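Colleague: after the sequence you'll find the predicted model.
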Amino acid sequence: MITLIYAGIAIGFLILVLGLLARTQPEKPDEGLAGKDYAQCLGDARWLDLSERIFDPSDARWLRKELAFPKLANSLTRARKRLAIRWLKALQASFGDLVRRPEPVSSDTPLANSTPSWQMLWLTVRFQFLLLYALLVVRLFGPYHRLIPSFTWIPFPQKGASRIRSVLADNTDLN
Amino acid sequence: MSLFETVVYFGALGLELVLLWRAGRCRILKGFPFFYSYLVYDVCCSFVIFVAYWIRPSVYPTAYWLNFLLSSVVEFAVLLEISDHIFQPYPAIRHLGRALTILISFTFALVYILPAILQSHEPSSTLLDFALRASVTKAVILAVLVFTAHHFGLRLGKNVAGLMLGFSIYLGVNVANFAAAENFGRALYTRVLWVMSPFAFTLCLLVWTIALWELAPMPRTDSVRPAAEGNAEALTLELARFNGALSRFLHR
């Protein structure tokens, strides 16, 4: 029985690796862009307004409590849930573009050696973790769920932390 | 030594020497230091074992099993090489591969490999169990690396893809082979199953030879503009900006 399990693991592993390797091979230019929904720049106020609207529960509350249209409110919540998932995926796609930004060919000193590259890695991992959590919460509980921890306990690296905090503060001020 | 053993032995040794010759000729050695160190180690060990087999046959079994044990550990160098090369062109995730490799290795060593070794009593079954569990650990690392590369939409060059493909074949066969050996006993392994690992390794070397015949640079993502020279701090701040945008919605 154990042999069969391990044989299954070996076959599954080979299929997974071969399948994923085939999909990560070089593709034709622009093929990767087809069908993807890219978020606009984070500095775009309209895009941020849109996201505020998606995650704002006041419209659904107004329909449910003041106009007494619970079915319509539910329908709106479902539509907002789909939009929230699209918004999060678009944010993820934009972040993917940022992460895939390669080093310039002519650069003599590699970026990652001249700067705190571990800090960049930490920010990347942190974002992926938060996004995974946000997608899970939105999928399970909808876009208006309030029981989301603040994640302030996940620290930023000490080096350059003040600059990063100021960027975060700027982001908050935009609202 | 049977004819099959001789063919597999000299076939593997020949392919390793061809790989090293091509690396020296095409100047690939510097680009893949861990991988070629592993190959040099394997060539030296094969030579020592071969000499031991003909000159002092009584030492041969000890030398063989010692090499078997050490190779299980040294093979992690190939994973380090692969993990470094997948993410190398991207400053934001350059160390991700190595971090994942080290993290998974230590976690599996503590939770999966060490307890099995400590609980085992018979040396031969301990050795096979260690080889099996080490192979599963390597397979998990490789699968996670490929999955992560796919998740970030990274493209793999011919060299790295070949390294991964060859090593996957070798690991897949090893996992099934060692599990069968552990389950059906040492006798069957000594008579039949022992040929599987050297044969899979020779096949793996053949794939590596084709993939590393010449240096193929990692393909770049054409749709993404390169980071500005010397502007790594800006990249860090952009990453922080994305984190901030997401955190804002989680703080509501």
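Modeller: Thanks, I have it. Since we're looking at a predicted model, the values are computed, not measured.
Colleague: for residue 89, phi and psi?
Modeller: This is for chain A. Main-chain torsions, residue A:89, degrees, to the nearest 10: phi -70, psi -40.
Colleague: let me rephrase: I mean chain B.
Modeller: Main-chain dihedrals, residue B:89, degrees, to the nearest 10: phi -70, psi -10.
Colleague: grab the nearest non-local neighbour of it.
Modeller: Spatial nearest neighbour of residue B:89, excluding adjacent residues (Cβ to Cβ, 6 or more residues apart in numbering or on different chains): residue A:102 at 4.7 Å. The C-beta positions use only the backbone N, C-alpha and C, and glycine is treated the same way.
Colleague: that neighbour reaches residue B:92, doesn't it?
Modeller: No - the criterion here is Cβ atoms under 8 Å, and residue A:102 misses it with residue B:92 at 10.0 Å.
Colleague: those two: who's more crowded?
Modeller: Neighbours were counted for residue A:102 and for residue B:92 using other Cβ atoms under 10 Å in any protein chain shown; residue B:92 has more, 27 against 20.
Colleague: quick one, what contacts residue 139?
Modeller: With no chain named, the answer covers chain A. A:81, A:85 (Cβ atoms under 8 Å, 6 or more residues apart in numbering or on different chains).
Colleague: please refer instead to chain B.
Modeller: Residues near residue B:139 by Cβ under 8 Å, 6+ apart: A:9, A:10, A:13, B:168, B:171, B:172, B:175.
Colleague: any chance of the residues you listed in JSON lines, plus pLDDT and secondary structure?
Modeller: Listed next are these as JSON lines, based on pLDDT from 0 to 100; DSSP: H, G, I helix; E, B strand; the rest coil:
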{"residue": "A:9", "pLDDT": "87", "secondary structure": "helix"}
{"residue": "A:10", "pLDDT": "87", "secondary structure": "helix"}
{"residue": "A:13", "pLDDT": "88", "secondary structure": "helix"}
{"residue": "B:168", "pLDDT": "94", "secondary structure": "helix"}
{"residue": "B:171", "pLDDT": "93", "secondary structure": "helix"}
{"residue": "B:172", "pLDDT": "92", "secondary structure": "helix"}
{"residue": "B:175", "pLDDT": "90", "secondary structure": "helix"}
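Colleague: between those, which has the most around it?
Modeller: Neighbour counts for the contacts of residue B:139 (other Cβ under 10 Å) peak at residue B:171, which has 29 neighbours.
Colleague: now the residue of chain B found nearest chain A: closest residue in space that isn't a chain neighbour?
Modeller: Going by Cβ to the nearest Cβ, chain A is nearest to residue B:179 of chain B, at 3.2 Å. Of all residues not flanking residue B:179 in the chain, residue A:6 sits nearest, at 3.2 Å (Cβ to Cβ, 6+ apart).
Colleague: just the element for that neighbour, please.
Modeller: According to DSSP states H and E, residue A:6 maps onto helix A:2-23.
Colleague: contacting residues for residue A:14?
Modeller: Counting by Cβ under 8 Å, 6+ apart, residue A:14 has contacts B:168, B:169, B:172.
Colleague: so which of those residues comes closest to residue B:85?
Modeller: When the contacts of residue A:14 are compared for distance to residue B:85 (Cβ to Cβ), residue B:168 wins out at 15.4 Å.
Colleague: so that closest one versus residue A:16, what's the distance?
Modeller: According to Cβ to Cβ, to the nearest Å, residue B:168 stands 9 Å off from residue A:16.
Colleague: follow-up on the earlier one: and the residue nearest to residue B:89, what pLDDT?
Modeller: pLDDT, residue A:102: 80.
Colleague: over to residue A:174?
Modeller: Per-residue pLDDT puts residue A:174 at 47.
Colleague: now the helices for chain B?
Modeller: Along chain B, the stretches classed as helices by DSSP state H are B:3-26, B:33-55, B:60-74, B:76-87, B:96-108, B:114-119, B:123-151, B:158-184, B:186-191, B:196-211, B:232-251.
Colleague: so where's the chain shaky on pLDDT?
Modeller: Defaulting to chain A. A:25-48, A:104-115, A:146-175 (pLDDT under 70).
Colleague: oops, I was thinking of chain B
Modeller: B:1, B:186, B:220-231, B:249-252.
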